[in-house]
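Chemist: Sequence plus the predicted model coming up.
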Amino acid sequence: MKKDLKSFTRKEIILEMASLEWPPYRANQIFQWIQKGCSDFAEMTNLSKIMRETLSKNYILTSLWQVSKQTSQDGTEKYLLELPDGELIETVLMRYKHGNSLCLSSQVGCAMGCQFCASGMEGLSRNLSAGEMLDQILFVSRDIKERISHVVMMGSGEPLQNLEEVVKLLNIINDKQGLNISLRHVTVSTCGLVPQIYELAEYKLPINLAISLHAASDNIRKSMMPIAERYSIDELLEACDAYVDKTNRRITYEYALVPGINDYPDEINKLAQKLKGKLCHVNLIPVNPVDDVFPAHHHHKGYHHIVEFLEKEGISATIRRELGADIDAACGQLKRRSKADL
Ligand code: SAH
């Protein structure tokens with residue numbers, strides 16, 4: 001099978017081209033073309049014709065195709081994209097004053113099975129390659145003719161289950177000869193895979209790590225997220241403390257408020273006790289309805305008392321503004337649909 005150069009870091013392209021006895025500046029040129037969105041070696045016009053033919057013969061450049069695009073009233077765009085093997089993924093563009101933020105998918109489907117999330121309803125199909133994640137950014141950027149400045153790994157999939165490719169992607173998008181996206185503008189969100197949190201800490205990347213905590217008691221967390229059967233909240237928080245020690249980066253704890261399940265004072269109080277004194281931020285998300293599993297959520301204002309309470313306990317907290325809810329593009333609403341449904 002031909003190798004996909006879109007999944008290569010610049011260093012890897014330099015090594016690969018060295019095997020053809022091409023100098024590093026040639027590899028840099030190839031990398032720069034790819035990062036500009038070029039998906040055809042024939043268009044790399046500063047390489048000789050023979051070089052371009054050699055590349056086409058030995059390598060590919062993975063490209064995604066748009067199946068459809070929906071635009072929300074708030075300007076959020078949800079893209080349904082097709083992968084080379086026909087699998088479908090969704091990616092969501094959110095426009096903020098501070099720039100364009102893209103919510104990437106890291107897997108086709110998801111194996112984690114969180115009760116309130118649409119992405120896992122059909123299980124996991126496969127991991128995405130670094131090139132397939134990168135092309136979500138290149139595709140959308142080309143479509144809107146604007147730069148993507150922020151990346152959140154909160155589309156479908158569990159990024160830490162695909163850690164190697166995700167780290168490769170971060171390396172590629174951070175490259176100054178490419179997209180030059182600051183890692184401080186990248187958020188990786190996990191449902192809490194404890195061993196992989198320790199592993200990620202070793203890379204010491206200045207990214208933002210978000211942990212989908214969603215409960216302060218193990219029994220409640222277990223009722224929401226199967227991963228809680230595997231790791232207790234205390235084990236998870238211990239891994240997060242180790243992560244903060246290693247990276248010196250503040251962790252964000254995501255807390256999807258589900259009426260009557262995890263939003264009552266006892267549980268919120270417990271949350272405050274667990275997080276007190278930690279370098280952290282709590283992001284409250286009024287749960288989004290998925291397939292009518294949950295009643296329509298409270299108006300955001302209904303949860304301000306929780307923010308106030310956490311702040312009083314010395315814990316920084318905000319309520320996440322939801323974008324794209326009207327096109328099912330808000331948190332947890334992304335769902336791969338089969339082609340037959342389209
Ligand atoms: N697998 C990763 C990233 C994907 S989901 C993770 O679990 O963190 C991104 C965030 O959206 C997670 O915090 C997830 O728990 C949350 N989420 C999922 N479904 C939701 C829903 N219906 N309403 C609100 N948030 C949801």
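Modeler: Done, it's in.

Chemist: so what's M17 closest to, chain neighbours aside?
Modeler: A27 (4.2 Å; C-beta to C-beta, 6 or more residues apart in numbering). Bear in mind the C-beta positions are built from the backbone N, C-alpha and C, glycine included.

Chemist: residues touching the residue of the chain found nearest the ligand, list them.
Modeler: The nearest approach of the chain to the ligand comes at G332, 1.8 Å away (C-beta to the nearest ligand atom). Contacts for G332 were tallied using C-beta atoms under 8 Å, 6 or more residues apart in numbering; they are C114, F116, C117, A118, S119, A256, V287, N288, V290.

Chemist: 7 Å instead?
Modeler: Applying C-beta atoms under 7 Å, 6 or more residues apart in numbering to G332 gives the contacts F116, C117, A118, S119, N288, V290.

Chemist: and the helix or strand encompassing S125, which strands flank it?
Modeler: Using DSSP states H and E, S125 sits in strand 124-127. Note on strand 124-127: by DSSP bridges, its sheet partners are strand 107-109 (antiparallel).

Chemist: quick check: mean pLDDT across the strand it pairs with?
Modeler: Strand 107-109 shows a mean pLDDT of 97.

Chemist: So is it next to the ligand?
Modeler: No - if you take C-beta under 6 Å from any ligand atom as the test, strand 107-109 misses the ligand, and the best it gets is 8.5 Å.

Chemist: How about stretch 212-228?
Modeler: Yes - for stretch 212-228, a contact with the ligand is found by C-beta under 6 Å from any ligand atom, at S212.

Chemist: Which residues of the stretch 101-250 of the chain lie near the ligand?
Modeler: Counting by C-beta under 6 Å from any ligand atom, the stretch 101-250 of the chain sits next to the ligand at M112, C114, F116, C117, M154, E158, S189, T190, C191, S212.

Chemist: still on that earlier bit, among the contacts of G332, show me the least confident.
Modeler: Among the contacts of G332, pLDDT bottoms out at V290, giving 83.

Chemist: Next up, phi/psi of that one, please.
Modeler: phi -130, psi 120 (degrees, to the nearest 10).

Chemist: Spit out the contact partners of it.
Modeler: F116, C117, A118, G332, Q333 are the contacts of V290 under C-beta under 7 Å, 6+ apart.

Chemist: separation between the fourth one and L81?
Modeler: Distance of G332 to L81, computed by C-beta to C-beta, to the nearest Å: 19 Å.

Chemist: ditto for the first one
Modeler: Remark: distance between F116 and L81 (C-beta to C-beta) = 25 Å.

Chemist: per-residue confidence for A201?
Modeler: A201 is given a pLDDT of 98.

Chemist: Neighbours of it, how many?
Modeler: 19 (other C-beta atoms under 10 Å).

Chemist: Who are the contact partners of it?
Modeler: Contacts of A201 (C-beta under 7 Å, 6+ apart): A242, Y243, K246, T247.

Chemist: just the residues you listed now: which is nearest K36?
Modeler: T247 (31.4 Å; C-beta to C-beta).

Chemist: Now for the closest residue to the closest one other than its chain neighbours, how many residues are close by?
Modeler: Once flanking residues are discounted, T247 sits nearest to K204: 5.5 Å by C-beta to C-beta, 6+ apart. The number of residues packed near K204 is 11, by other C-beta under 10 Å.

Chemist: I'd say K204 and K246 touch.
Modeler: Yes - judged on C-beta atoms under 7 Å, K204 makes contact with K246 at a distance of 6.3 Å.

Chemist: picking that back up, so if I had to pick from F116 and L81, which one is more boxed in?
Modeler: Under the criterion of other C-beta under 10 Å, the comparison of F116 against L81 puts L81 first, with 22 against 19.

Chemist: any idea of the mean pLDDT for the helix or strand hosting that one?
Modeler: In the assignment (DSSP H and E), L81 maps to strand 77-82. The average pLDDT within strand 77-82 is 97.

Chemist: just checking, next helix/strand downstream of that strand?
Modeler: strand 88-96.

Chemist: Check whether that following strand comes near the ligand.
Modeler: No - residues of strand 88-96 contacting the ligand under C-beta under 6 Å from any ligand atom: none, with a closest distance of 10.9 Å.

Chemist: Pairing partners for that strand, with directions?
Modeler: If you go by DSSP bridges, strand 88-96 pairs up with strand 77-82 (antiparallel), strand 99-103 (antiparallel).

Chemist: Let me have these in a markdown table, adding distance to L236 as columns.
Modeler: Shown next, in a markdown table, are the strands paired with strand 88-96 (distance: least, C-beta to C-beta, whole Å):
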| stretch | distance to L236 |
| --- | --- |
| strand 77-82 | 31 |
| strand 99-103 | 23 |
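
Chemist: Between these, which one is closest to E53.
Modeler: The nearest among these, by C-beta to C-beta, is strand 77-82 at 27.7 Å.

Chemist: Now do the contacts for I227.
Modeler: By C-beta under 7 Å, 6+ apart, the residues touching I227 are M112, C191, G192.
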